[in-house]
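Chemist: predicted model and sequence below, questions to follow.
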Amino acid sequence: MTGHAQSSQAVLTSMIFEGVFDRLPGLKMVLIESGFGWLPALCWRLDRVWMRMRDELHRCKRRPSEIVREQVFLTTQPMEEPRSPRQLVECIDWIGWDRLLFATDYPHWDFDQPDRVLPAWVDAEKRQAFFRDNALRVYGRQMP
């Protein structure tokens, strides 16, 4: 379970620095079953490396965090479970409520129950995006 997040980070880093997203501006990438709490720190690091090594990373034309915010989506399984629900919401705020696709992983033993994954105080608009609208948008479906 731990290694999958690392492999997702490695493939995302490679695709960004090799310029895949710049060559294919309409490409959408969905990383599944690797969680998402690691994304902010990875983006910070990639931005820093990109700024310092742009001569060597010439295929990557834009700041890595910009690419992620425009072309990368993640599913929520396994859902991050910090001690404070506010930390979870802060992480999602940084990533963007429009970047996450809810995934339960049901019927596996460690599935995420939809009625328990978000704090009760998260507003209805964010909930609808999180549970439904983001997936419809990513996969090109019209919202009713």
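Modeler: Arrived safely, thanks for sending. Residues are numbered from 1 along each chain as shown.
Chemist: distance from the centroid: which residue in the chain tops it?
Modeler: Asp55 (27.4 Å; C-alpha atoms, centre = their mean).
Chemist: that one in helix, strand or coil?
Modeler: coil (DSSP: H, G, I helix; E, B strand; the rest coil).
Chemist: ok, now Gln113?
Modeler: Taking three-state DSSP, the label given to Gln113 is coil.
Chemist: how about low-confidence regions in this structure?
Modeler: In the predicted model of the chain, residues 1, 142-144 satisfy pLDDT under 70.
Chemist: ok, 90 please
Modeler: For the chain, the stretches with pLDDT under 90 are 1-4, 76-83, 85, 104-122, 127, 140-144.
Chemist: that one: helices as residue ranges?
Modeler: With helices called from DSSP state H, the chain shows them at 2-17, 20-23, 39-52, 64-71, 85-95, 124-128, 134-138.
Chemist: related to what we said a few turns ago, so what's the residue farthest from the centre of the chain up against?
Modeler: Listed by C-beta atoms under 8 Å, 6 or more residues apart in numbering, Asp55 has no contact partners. Any C-beta I mention is one placed from the backbone N, CA and C, and that applies to glycine too.
Chemist: could you measure from it over to Ser34?
Modeler: Distance, Asp55 to Ser34, using C-beta to C-beta, to the nearest Å: 31 Å.
Chemist: repeat for Phe21
Modeler: Phe21 is 18 Å from Ser34, by C-beta to C-beta.
Chemist: what's the closest non-adjacent residue to Asn134?
Modeler: Using C-beta to C-beta, 6 or more residues apart in numbering and skipping residues adjacent in sequence, the residue nearest Asn134 is Leu101, 5.3 Å away.
Chemist: list the contacts for the one you found?
Modeler: Counting by C-beta under 8 Å, 6+ apart, Leu101 has contacts 30, 73-76, 134-135, 138.
Chemist: widest-spaced pair of the residues you listed?
Modeler: Thr76 and Val138 (13.4 Å; C-beta to C-beta).
Chemist: more crowded one of these two?
Modeler: Neighbour comparison, Thr76 and Val138: the larger count goes to Thr76, with 22 against 15 (by other C-beta atoms under 10 Å).
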